[in-house]
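Engineer: Below are the sequence and a predicted model; questions follow.
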Amino acid sequence: MVEEPAFGGRLETTDLVSAVGAVVDPELRRTLGELGMIRSATTTAGLASVVVALTVTHCPAADRIERDVRVAAMAVPGVDSVDVRLETMSLDERQALIERVRGERRNRFGPGTLTRVIAVGSGKGGVGKSTVAANLALAIKHRGLRVGVMDLDVHGFSIPALLGIAGTRPNRVDNLLMPPEAFGMPTISIGMFTEGDEPVSWRGPMLHRTIEQFLADVWFGDLDVLVVDLPPGTGDAAISFGQLVPDAEFLLVTTPQVAASDVAVRAGLLAARLGQRVLGVVENMTGLTQPDGTVLEIFGSGGGDATAKRLSTPEAPVAVLARIPLSIALRAGGDAGSPIAATAPTDAAAIAFADLADTIIDSGSSRAGRSLL
């Protein structure tokens with residue numbers, strides 16, 4: 001085992017430094033060595049002494065970091081016991097960490113991003129857009145991709161409740177926000193910053209600023225796919241998002257009701273005019289299967305096909321990518337914060353979401369082996 005001086009002249013064990021430096025911060029999703037959080041790591045007569053600089057006092061991930069560092073140190077040959085001391089970064093150290101994490105790009109999902117951004121929108125509320133967004137995100141994650149969720153439905157946010165993290169708040173390191181995880185997906189919503197039933201009564205400029213902050217100040221880590229739950233309609237938030245994330249792909253949710261087609265088409269046309277690729281249409285609540293196997297079409301039929309036809313052009317045809325049946329399990333899972341894409345994979349609606357995820361993944365160009373930075 002080779003020892004060499006470092007960290008202010010104390011003896012450092014190369015193997016120990018490498019081992020504890022490889023521990024991943026659960027919030028920043030980078031190694032402690034990369035983040036500069038290992039202040040010292042020394043061995044004396046079988047005792048490994050490690051000093052870790054946490055980002056903030058009372059860091060919520062402190063116990064996990066200490067445990068993981070201890071496990072990593074004990075795995076080093078020659079180490080019989082471990083002493084871990086937790087300290088707190090100075091302001092300058094935190095700023096250096098933030099710059100190291102964020103890099104030069106403020107909006108990591110802006111033009112040129114290698115993260116696929118799937119924006120789920122609708123012409124009006126009440127069509128199950130947020131339910132589609134939550135279950136689609138989980139279905140994509142189950143295909144082995146790293147997925148994040150951003151809830152931009154500022155006035156009608158429901159993603160935290162649908163994913164079972166209502167009341168959970170992001171952690172903050174100065175002006176960098178670490179979103180909580182739901183089913184292994186980092187998730188952010190304006191609902192994480194409100195109290196109880198407090199309404200969000202913001203107008204255009206405030207909405208635009210919030211979207212800018214979510215894109216710049218929320219640290220998702222390296223994502224393959226970001227699923228965004230847009231507000232319904234063609235208002236300020238949808239326009240701001242389209243301007244800030246022009247490479248996003250738009251998935252339009254509607255119902256089988258033909259009368260809903262006019263409203264839905266407008267949302268799809270706005271996305272296209274903002275330069276976003278219209279992926280296709282999801283027809284939600286297509287029918288309820290009866291005990292005898294027949295299907296009760298409570299909301300009629302044909303709305304999804306009519307919407308797709310009206311959005312299609314010879315150069316860019318639009319198709320109905322999925323038809324999500326009415327499902328008691330889907331409704332119950334949403335109420336309980338346990339989406340069926342994670343908890344009831346054999347339900348007909350969950351199978352439809354899985355097929356939709358496959359279709360969307362197959363529709364994009366491969367990013368394998370390419371840096372997301």
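Structural biologist: Yep, that arrived. Keep in mind it's a predicted model, so treat the numbers as computed, not measured.
Engineer: What strand or helix carries the residue sitting nearest the centre point of the chain?
Structural biologist: Geometric centre of the chain, nearest residue: Gly148, 1.4 Å, by Cα atoms, centre = their mean. Per DSSP states H and E: Gly148 is located in strand 147-151.
Engineer: So which elements touch that strand?
Structural biologist: Here strand 147-151 touches helix 129-141, helix 159-162, strand 185-189, strand 225-229, going by 3 or more Cβ pairs under 8 Å, 6 or more residues apart in numbering; DSSP states H and E. Yep, even glycine has a C-beta here, placed from its N, CA and C like the rest.
Engineer: Apply 6 Å and report the result again.
Structural biologist: Helices and strands touching strand 147-151, by 3 or more Cβ pairs under 6 Å, 6 or more residues apart in numbering; DSSP states H and E, are helix 129-141, strand 185-189, strand 225-229.
Engineer: what does the first one rub up against?
Structural biologist: In other words, helix 129-141. Here helix 129-141 makes contact (Cβ atoms under 6 Å, 6 or more residues apart in numbering) with 120, 122, 147, 149, 158-159, 162-163, 183, 185, 225, 227, 229, 253, 282, 334, 339, 341-342, 353-354, 357.
Engineer: again, but for stretch 312-332
Structural biologist: Here stretch 312-332 makes contact (Cβ under 6 Å, 6+ apart) with 278, 280-288, 304-305, 308, 311, 340, 344, 347-349, 352, 356, 359.
Engineer: If you count neighbours, what's buried in it?
Structural biologist: Val318, Val320, Leu321, Ala322, Arg323, Ile324, Pro325, Leu326, Ser327, Ala329, Leu330 (16 or more other Cβ atoms under 10 Å).
Engineer: how's the chain carved up into domains?
Structural biologist: Annotated domains of the chain cover 3-102, 116-363 [automatic domain parsing].
Engineer: quick one: which of these is nearest Gly110?
Structural biologist: Closest approach to Gly110 among these (Cβ to Cβ): domain 116-363, 6.4 Å.
Engineer: Would you mark the buried spots in the top helix by length along the chain?
Structural biologist: Determined from DSSP state H, the single longest helix within the chain is helix 348-363. Buried positions in helix 348-363, judged by neighbour count with 16+ other Cβ under 10 Å: Ala349, Ala350, Ile351, Ala352, Phe353, Ala354, Leu356, Ala357, Ile360, Ile361.
Engineer: before we move on, what about stretch 256-268?
Structural biologist: In stretch 256-268, counting by 16+ other Cβ under 10 Å, buried: Pro256, Gln257, Val258, Ala260, Ser261, Val263, Ala264, Val265, Ala267, Gly268.
Engineer: now do stretch 116-127
Structural biologist: Using 16+ other Cβ under 10 Å as the test for burial, stretch 116-127 gives Arg116, Val117, Ile118, Ala119, Val120, Gly121, Ser122, Gly123, Val127.
Engineer: what's the distance between the nearest residue to the fifth one once chain neighbours are set aside and Asp174?
Structural biologist: Which is Val120. Excluding its sequence neighbours, the residue lying closest to Val120 (Cβ to Cβ, 6 or more residues apart in numbering) is Ala133, at 4.1 Å. Here Ala133 is placed at a distance of 30 Å from Asp174 (Cβ to Cβ, to the nearest Å).
Engineer: same thing with Arg100?
Structural biologist: The spacing between Arg100 and Asp174, counted by Cβ to Cβ, is 13 Å.
Engineer: Which members of the contacts of stretch 312-332 are positioned in helices?
Structural biologist: Among those, DSSP H puts Gly304, Asp305, Ala308, Leu311, Ile340, Ala348, Ala349, Ala352, Leu356, Thr359 in helices.
Engineer: and which of the residues you listed is nearest Arg39?
Structural biologist: Ile340 (46.1 Å).
Engineer: so what's the closest one up against?
Structural biologist: Residues near Ile340 by Cβ under 6 Å, 6+ apart: Ala329, Leu330, Gly333, Asp347, Ala350.
Engineer: Which one of those residues is nearest to Gln213?
Structural biologist: Gln213 lies nearest to Gly333 out of the contacts of Ile340, by Cβ to Cβ, at 30.6 Å.
Engineer: Alright, calling it a day.
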